[in-house]
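Asker: Pasting a predicted model and its sequence here:
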Amino acid sequence: MKGDVAFLPAGRLAAMIHRREVGCLELLEHYLARVERFNPALNAIVVTDVPGARERARAADRALAAGEAWGPLHGVPMTVKDAFDVKGLPTTFGVPALKDNIARGNALAVERWLAAGAVIFGKTNVPLWLADAQTFNAIYGTTNNPWNPALTPGGSSGGGSAALAAGLTGIEMGSDIASSIRNPAALCGVFGHKPTYGICPPRGHAQRAEDVAPLDILCIGPLGRSAEDVALGLRIMAGPDAIAERGLRLALPAPAKKRLRDFKVGIIIDDPFAPVERDMVEQLQRLADFLAQQGAQVSDKARPDIDLDHASRTFDLLLRSATSAGLSDDEQAQFRQRLAALPPDADTKLARMLRGNTLSHRDWLRLDEARQRMRWKWHEFFGAHDLLLGPVICTAAYPHDHTPPYERVVNVNGEPRAFHSLLFWAGYTGMAYLPSTVAPIGFTRDGRPVGVQIAGPEFGDRSCLHFARLLEKEYQGFVPPPGFE
């Protein structure tokens, strides 16, 4: 089998299987051979169930021979992020204490992928507690970016994005609370979609197996090598859970605009509040110029009437509050002591982390009120514009750095910046529950992928995905990194 088959979109692989151009087991073995060859240098896929995957692939071949189709991904090999329960495999969140935490059942989203016919053969690497824009932990080690192993693939869905870019898996499922789908998709040059909050139930994606309450801001969503793959992944994953489906159904509106020239979009090229790497600014400007040439209405001034500093602070506090439930009593006490030692008006990223992790319920309600007002500002903006395009993160892929995140700095245009400040563009849209699709749009001068974040109104997922599909067709699609032929 030709090596480039591994880089085809999952939808095309499914079509090849359906037409008997490749067998399910044959395709699985091709990916497993590539994992054996390329994964040691990347460390993207960290757990496999080869016997179970082979058994399911054989069953998929037998079913197809009998005229039985399982679903749109019949027999397509895939991996999932090591934050989702897959029966019989460990769910670790990168935490050493959970290295032997074997799942007794499947996450709801895993069940939906299986019902669509996928063959899940492994799990991909994550950072500790999924709480980093890099991917490394003490259980499985460090994942490298296939474009340059000295650089991170991002996080926390970094293992899955690296595996996709290197052609080690057919499609992937990730999760995103602070750009954990979006930044690794951009840094590795693949597509990803953070859905509208709440439309993809996250049950089975939890730090503790017994937890069933969804986290604020957290979304689960697909990653792939094409816009159509992430659109297909969203169709598989989205829909109410067993409780909500008694009275609700999901009906995402179809995109009202069909061609690039039909769209009215805002685009953020750069901003002094969260400066963007110059090479990325050039790529975003190049995209804006192209869209204007195609006849789209493009404005680099249009954006919602939201104070960026207020948005940044609100996101930081809500994010840390959302993830604080897993803290032990001792950790909470330590955070309170550290916060008490700071000046009352301290507003650094560290101070926000400490304050967010120890918020009172009253203070959280006030922050939520601020967030809800921003949601209405976004609603007003999308009454006049179809989409808002902008950076995914402030920089393209950057070197590995295992110092503690709140002590870490990253250079942007030669200036050191606090590491967590790079994620502003993730919180800007994500805190307000908006859908965002990431699509590759070019490369920096030294060959690092650059992506664009395509944000739309709540429940406007299909418009974001359609716009990404148009960019893929008319501007740029997935490009395999060299050396993985």
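Answerer: Now that the structure is in, tell me what you want to look at.
Asker: so what's Glu172 closest to, chain neighbours aside?
Answerer: In space, and not counting its chain neighbours, Glu172 is closest to Gly160: 3.8 Å by C-beta to C-beta, 6 or more residues apart in numbering. The C-beta positions use only the backbone N, C-alpha and C, and glycine is treated the same way.
Asker: quick one: the residue nearest to the spatial centre of the chain from Ala333, how far?
Answerer: Centroid-nearest residue in the chain: Ile181, 0.9 Å away (criterion: C-alpha atoms, centre = their mean). To Ala333, Ile181 is 33 Å away according to C-beta to C-beta, to the nearest Å.
Asker: The helix or strand harbouring the residue nearest to Glu172 - contacts with which helices or strands?
Answerer: Of the helices and strands defined by DSSP states H and E, Gly160 is found in helix 158-165. Here helix 158-165 touches helix 24-42, strand 45-48, strand 77-81, strand 119-124, strand 172-176, helix 182-188, strand 219-224, going by 3 or more C-beta pairs under 8 Å, 6 or more residues apart in numbering; DSSP states H and E.
Asker: after the last one comes which helix or strand?
Answerer: On the C-terminal side of strand 219-224, the closest following helix or strand by DSSP H and E is helix 227-237.
Asker: pLDDT at Asp211, what is it?
Answerer: Listed pLDDT for Asp211 reads 87.
Asker: can you pull the contacts of the nearest residue to Gly451 once chain neighbours are set aside?
Answerer: Spatial nearest neighbour of Gly451, excluding adjacent residues (C-beta to C-beta, 6+ apart): Ala186 at 3.1 Å. By C-beta atoms under 8 Å, 6 or more residues apart in numbering, Ala186 lies in contact with 154, 192, 392-393, 396, 438, 440, 449-451, 453.
Asker: So which of these belong to helices?
Answerer: Cross-referencing the contacts of Ala186 against helices under DSSP state H gives no overlap.
Asker: Among these, name the ones in strands.
Answerer: 192, 438, 440, 449-451, 453 (DSSP state E).
Asker: Now the residue nearest to the centre of the chain, what are its backbone angles?
Answerer: The phi/psi pair for Ile181 (degrees, to the nearest 10) reads phi -90, psi -40.
Asker: can you list the domain ranges for the protein.
Answerer: 3-246, 308-369 (automatic domain parsing).
Asker: Validate this expectation: Gly94 resides in a helix.
Answerer: No. Gly94 is assigned coil when assessed by DSSP: H, G, I helix; E, B strand; the rest coil, not a helix.
Asker: thinking it is in contact with Ile139, fair?
Answerer: Yes. Under the criterion of C-beta atoms under 8 Å, Gly94 makes contact with Ile139 at 6.4 Å.
Asker: More neighbours: which of those two?
Answerer: Neighbour count, other C-beta atoms under 10 Å: between Gly94 and Ile139, Gly94 has more, with 26 against 20.
Asker: and the more buried one, what is it in contact with?
Answerer: 82, 125-130, 137-140.
Asker: again with Leu64
Answerer: Here Leu64 is in contact with 17-18, 20, 24, 74-75 (C-beta under 8 Å, 6+ apart).
Asker: Name the member of those with the most neighbours.
Answerer: Highest count within the contacts of Leu64 by other C-beta under 10 Å belongs to Gly75, 31 neighbours.
Asker: pretty sure that one is in a helix, no?
Answerer: No. Per three-state DSSP, Gly75 lies outside any helix segment and is coil.
Asker: can you start the count at 510 instead of 1 from here on
Answerer: With the count now opening at 510, the last piece we talked about shows up as Gly584.
Asker: Backbone dihedrals for it, please?
Answerer: According to degrees, to the nearest 10, the main-chain angles of Gly584 amount to phi 80, psi 0.
Asker: Same check on Gly936?
Answerer: According to degrees, to the nearest 10, Gly936 has phi -70, psi -30.
Asker: element containing the nearest residue in space to it that is not next to it in sequence, please.
Answerer: Sequence neighbours aside, Phe824 is the residue nearest to Gly936 in space, at 3.1 Å (criterion: C-beta to C-beta, 6+ apart). Assigned by DSSP H and E, Phe824 belongs to helix 817-831.
Asker: Okay, now stretch 911-923: how far is its last residue from its first?
Answerer: 20 Å (C-alpha to C-alpha, to the nearest Å).
Asker: Tell me the spacing between the residue nearest to Glu681 and Ile690.
Answerer: 9 Å.
Asker: And Gly676, by the same measure?
Answerer: The value you get for Gly676 to Ile690, if C-beta to C-beta is used, is 19 Å.
Asker: what's the answer for Leu979, then?
Answerer: 21 Å.
Asker: in terms of contact, does Glu737 touch Gly520 like I think?
Answerer: Yes. With contact defined as C-beta under 8 Å, Glu737 and Gly520 form a contacting pair (5.4 Å).
Asker: more neighbours, the two?
Answerer: Gly520 (21 against 18).
Asker: Assess the claim that the more buried one and Val739 are in contact.
Answerer: No. Using C-beta under 8 Å, Gly520 is not in contact with Val739, being 10.4 Å away.
Asker: mind listing the strands in the stretch 860-994 of the chain by residue range?
Answerer: 896-899, 918-921, 924-927, 945-952, 958-964 (DSSP state E, counting those that start in this stretch).
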